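Participant: kindly generate the corresponding structure for this input.
(one chain, ligands or ions: 2)
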Amino acid sequence: MNLNTDFPIPGLSVLYDFVSPEEEEYLVEAVNREEWSGLGIGPNPELKRRTQQYGHLFSYRYREVLEEYGPLPPFVSRLVTRIMEFGLMPVAPNHLLVNEYNAGQGIMPHVDAPALFGPSILSLSLLSPCVMKFESKQDSHNILLPRRSMVVLQQSARYDYKHGISKELVDYTAEGDPVPRDKRISLTFREIIAWSTKACHLNPKDK
Ligand SMILES: O=C(O)CCC(=O)C(=O)O
Ligand SMILES: [Fe+2]
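Facilitator: Numbers count the residues shown, from 1 in each chain. Ligands and ions are numbered 1, 2, ... in the order given. Below is the predicted model of the structure:
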């Protein structure tokens, strides 16, 4: 594993080879064994990728915690241990979101609801690399997330920059090299910090 924090965005880290090829295969197989619930999908067509969520059910549309589902599934236990060993989150994640993107699908630029999720957002890329775009009022940066890497968003990367993935079939590195997209599955680990649904009634314009 190899940690890179050398980005022009404070609080952004990428851990390369966070999982081995064997662990990737195991995780993809485990995810595909589950029902793809589609829960939490909002009205925007950009969000119509396949999703699963574990730990808690929340609604993107109203940004409410709707229900507690219990602990995260056993297939991510080793990952959670590793996350805590590396000190990537202040407390263990209690929410896991699995997103599946076909090549050409993406996610609109957004900040994960600050009132709903804690200070560290982690996302593991499986099966395909992608470029994640970070945009603030001042600047924007394209960051390559290789297959099997874990991206960690904290501080400015978490709160001051929107992150998104554009709908491309091919991404380009900063050097201009093409990086074709394949089907990508991401595992996003977060801590839900809001227990009152009232606390999550935010201005819909801020996502
Ligand atoms: O797919 C990813 O890596 C990012 C997903 C994401 O930003 C989100 O679901 O909030
Ligand atoms: Fe996000």
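Participant: and the longest helix anywhere in the chain, what does it pack against?
Facilitator: Longest helix in the chain, counting residues (DSSP state H): helix 21-33. Here helix 21-33 touches strand 121-126, strand 184-190, going by 3 or more C-beta pairs under 8 Å, 6 or more residues apart in numbering; DSSP states H and E. C-beta: built from backbone N, CA, C; applies to glycine.
Participant: now do it against strand 184-190, angle only.
Facilitator: 90 degrees (axes from the mean of the first three to the mean of the last three C-alpha atoms, to 10 degrees).
Participant: related to what we said a few turns ago, could I get the helices and strands packed on helix 21-33 as a markdown table with distance to ligand 1, mean pLDDT and mean neighbour count?
Facilitator: As requested, the helices and strands packed on helix 21-33 are exported to a markdown table (distance: least, C-beta to the nearest ligand atom, whole Å; pLDDT from 0 to 100; neighbours: other C-beta atoms under 10 Å):
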| stretch | distance to ligand 1 | mean pLDDT | mean neighbour count |
| --- | --- | --- | --- |
| strand 121-126 | 4 | 98 | 22 |
| strand 184-190 | 3 | 97 | 23 |
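Participant: nearest to residue 103, of these?
Facilitator: Closest approach to residue 103 among these (C-beta to C-beta): strand 184-190, 8.0 Å.
Participant: how many neighbours does residue 161 have?
Facilitator: Neighbour count for residue 161, taken as other C-beta atoms under 10 Å: 25.
Participant: with residue 93 instead?
Facilitator: 26.
Participant: doesn't it belong to a helix?
Facilitator: No. Applying DSSP: H, G, I helix; E, B strand; the rest coil, one finds residue 93 to be coil, outside a helix.
Participant: tell me who's in contact with it.
Facilitator: 55, 72, 80, 83, 122, 189-191 (C-beta atoms under 8 Å, 6 or more residues apart in numbering).
Participant: repeat that for 10 Å
Facilitator: 54-55, 72, 76, 79-80, 83-84, 117-118, 120-122, 187-192 (C-beta atoms under 10 Å, 6 or more residues apart in numbering).
Participant: what about the longest helix of the chain, near ligand 1?
Facilitator: No. Counting by C-beta under 6 Å from any ligand atom, ligand 1 is not contacted by helix 21-33; separation bottoms out at 13.1 Å.
Participant: buried residues in that helix?
Facilitator: For helix 21-33, burial by neighbour count (16 or more other C-beta atoms under 10 Å) applies to 23-24, 27, 31.
Participant: with these in mind, which one is nearest to ligand 1?
Facilitator: Closest approach between the buried residues of helix 21-33 and ligand 1, by C-beta to the nearest ligand atom: residue 31, at 13.1 Å.
Participant: excluding its backbone neighbours, what's nearest the closest one?
Facilitator: residue 98 (5.5 Å; C-beta to C-beta, 6 or more residues apart in numbering).
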